[in-house]
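Visitor: Below is the sequence, then the predicted model.
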Amino acid sequence: MIDIKFLRENPDLVRASQKGRGESVELVDLIIEADERKRAALSQFETLRQEQNVLSKSVGSAKGDEKAALLANAKELADKVKAADAERAKVEEETRQLLLQLSNLLDSDAPIGGEADFVTLEEIGQPRDFGKEGFEPRDHVEIGKLLGAIDTERGAKVAGSRSYYLTGVGALLEFALVNYAVQSALKNGFSPVIPPVLVNPAAMEGTGFLGQAAENVYRIEKDDVYLVGTSEVPLAAMHMDEILPVEKLPLRYAGYSSCFRREAGTYGKDTRGIIRVHQFDKVEMFSFCKPEDAKAEHKKLLQWEKDFLTAMEIPFRVIDVASGDLGSSANRKFDIEAWIPTQGAYREVTSTSNCTDFQARRLNIRYKDADGTKTVATLNGTLVAIPRMIVAIFENHQNADGSVNIPKALQPFLGMQKFEIV
RNA sequence: GGAGGACUCGCAUAGCGGCCGAGUGCACCGGUCUUGAAAACCGGCAGGUGAAAGCCUCGUGGGUUCAAAUCCCACGUCCUCCGCCA
C-alpha cells in the first residue's frame, strides 16, 4: 500500500509509476477523489461525535426537567451520529479498496517496459560446449530417470500434471541443497524458520497475493485458509501489527517450506519435467530493515543468491526485471537465470524483490527509533528453489554416460562425488 | 466433535453503564543520591490520526443505550476436561 499522504503530495510520481508498469493511471485520480470524500466524511462525523460526547456527559449530572430536555436532544443527535458514522465507514472502505489496487512505486532505476525489456546486468561462468566434448546433453527428465532421482510418470498418476516424486538421490539432493542453503544463511545472519504454509486471508492479502496473483493461489474454501506459494507470506506476516525495536534491524529470516502454485494460465508452458510444478520446496530469505537501508539490503540478497549459484558451479546471468513484469509489491526485482544446456537458454532459478515499505504498510509492521514510529521495509529473495536447482545441476554437470558430478560444496552433505546410473 | 472458562496499555492484575483512554505492581527510560552499583526517592511510560481542538482503539465485528471496558449476540484466539488421532 502506498502512503496516502505521499500520494496526495506527489500524484504525478505515482501516475508515472503506474504508467511504467502498464497499469491504470486514472486509478490515482479515483483515489484522490475518494480520499477527499473520506476526509470530508470523517470531519463531519468527528464534529457530531464531539457534540454528542459533550452532551452525553452533561446528561449524567442533570436532573428532572432539565434532564428530560437534554435526553430528547441527545437522542436526535445520536441518530445523526449514527448516519454520519455509517457514511464515514462506507467511504473509508471504498478508499481502502482503491488504494489496495495500487502497485508499489517503481524504483527510478528499474528498466521500463514489458517482460522482454529486462536489462542483463552480468553473465557469470561459461556454458559447457557439449559438441566439443563429443556428446549430446540429456535433459533433466532423462537424467532423473537414469539416476532414479525423478519420477514424473508416477507423480502424474497420483497427483496429476506438474507433479513428481523425488526418489533416491533426488531426495538426498534436496536435503543436501537445503542443508547447504541453511548453513550459508546462518553465516549471513539469518535465523532459520519453518513457517506455516496454511495461512489466513489477512496474511495473504497483506503480502499482496490476493490481487492480480490470486488466481495462482490454492484456497481451501471450507476453512477459509490458503496454501502459500512462497514462505515470503508467513515470514512477512510473522510480525504483522508489531512494532520492531530498531536495534533488531535488519531482521533476517531464512524460511524453509513447501510452496504451492496453481500455475493457472500456463497451459502448455514447461509441461515437461520439473521446471514448473504445483508443489516444491524452497529456502527463502526475508529481511525487515529501515527504508533507507533497503537498496543496500537488496544488493546483499542478490549477492547471496549469486554466491549460491557460484557454489553450485552453474553458469548464470543476472537480470534487472522490467517494470511491467514486477510483482505489485516490488519496486525493483533482480532475477538470476541459470544456463540450461538442453534449452540453450537461461532460465529463472531465483529472484529477489525490494518491496520497500509497501508490504509492511499493508501488514502494519513498524519500527521505533528516536524520532518516532515508522514503517519498515521488507525484502525477499530465493536462496534455493529445489526443483529448478536440481534441473540446473543435472543438466550442467552431466557426463556422457548419464552420471552427474556433484558440486564440491554439496559433496560433504552427500558423502559422494558423483551420482551414478542405477 | 462435545462441555466449561478466559481475553484490559511489554508482563501481571484492578475496573460500580456516566467521575475510565483506564488504577496498581513489575519491567523499561530519564533524574537525585552514591567512588561505582544496588536500594530509596522524583519524573516519564500504549497506539493511530490531526496544525490544533478533537476523534478513534479495553480480542474482532455487530446490537441495546443519550452514554459501553462494563449489558446482549456472533466470530476469533487461548486454557481446562471428554472423545478421536499423528
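Guide: Arrived safely. Numbering: from 1, shown residues only, chains lettered A, B, ... in the order given.

Visitor: what's the spacing between A:Asp325 and RNA strand B?
Guide: Note on A:Asp325: its distance to RNA strand B, by Cβ to the nearest atom of the strand, to the nearest Å, is 32 Å. For the C-beta atoms, the positions are set from N, CA and C on the backbone; glycine is no exception.

Visitor: quick one: the helices in the stretch 151-300 of chain A?
Guide: A:152-159, A:169-187, A:201-206, A:232-237, A:294-311 (DSSP state H, counting those that start in this stretch).

Visitor: ok, whatever residue of the stretch 101-250 of chain A ends up closest to RNA strand B - contacts?
Guide: Closest approach between the stretch 101-250 of chain A and RNA strand B, counting by Cβ to the nearest atom of the strand: A:Ile243, at 6.7 Å. Residues near A:Ile243 by Cβ atoms under 8 Å, 6 or more residues apart in numbering: A:366-368, A:373.

Visitor: my guess is A:Pro367 meets A:Lys290, correct?
Guide: Not quite, residue A:367 is Tyr, not Pro. Yes: at 6.9 Å, A:Tyr367 counts as touching A:Lys290 under the criterion of Cβ atoms under 8 Å.

Visitor: between the two, what contacts are shared?
Guide: With Cβ under 8 Å, 6+ apart, A:Tyr367 and A:Lys290 have common neighbours A:246, A:249, A:374, A:376.

Visitor: What subset of these is buried?
Guide: Neighbour-count burial (16 or more other Cβ atoms under 10 Å) applied to these gives A:249, A:374, A:376.

Visitor: now those residues in CSV, with distance to RNA strand B?
Guide: Formatted as CSV, those follow (distance: Cβ to the nearest atom of the strand, whole Å):
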residue, distance to RNA strand B
A:Leu249, 16
A:Lys374, 8
A:Val376, 12
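
Visitor: With pLDDT as extra columns, can I get those residues in TSV?
Guide: As requested, these are arranged in TSV below (pLDDT from 0 to 100):
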residue	pLDDT
A:Leu249	85
A:Lys374	86
A:Val376	90
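
Visitor: Go through those residues and name the one nearest A:Asp223.
Guide: Of all those, A:Asp223 sits closest to A:Val376, with 30.4 Å by Cβ to Cβ.

Visitor: Contacts only, for the closest one.
Guide: Contacts of A:Val376 (Cβ under 8 Å, 6+ apart): A:244, A:249, A:288-291, A:357, A:360, A:365-367.

Visitor: rewinding a little: and the contacts of A:Ile243 near RNA strand B, which?
Guide: A:366, A:368, A:373 (Cβ under 7 Å from any atom of the strand).

Visitor: between the residues you listed, which has the most around it?
Guide: A:Arg366 (18 neighbours; other Cβ atoms under 10 Å).

Visitor: What residues does that residue make contact with?
Guide: A:242-244, A:360, A:373-376.

Visitor: Return the residues of chain A in contact with RNA strand B.
Guide: A:5, A:45-46, A:49-50, A:52-57, A:59-60, A:71, A:74-75, A:77-78, A:81, A:89, A:243, A:366, A:368, A:372-373.
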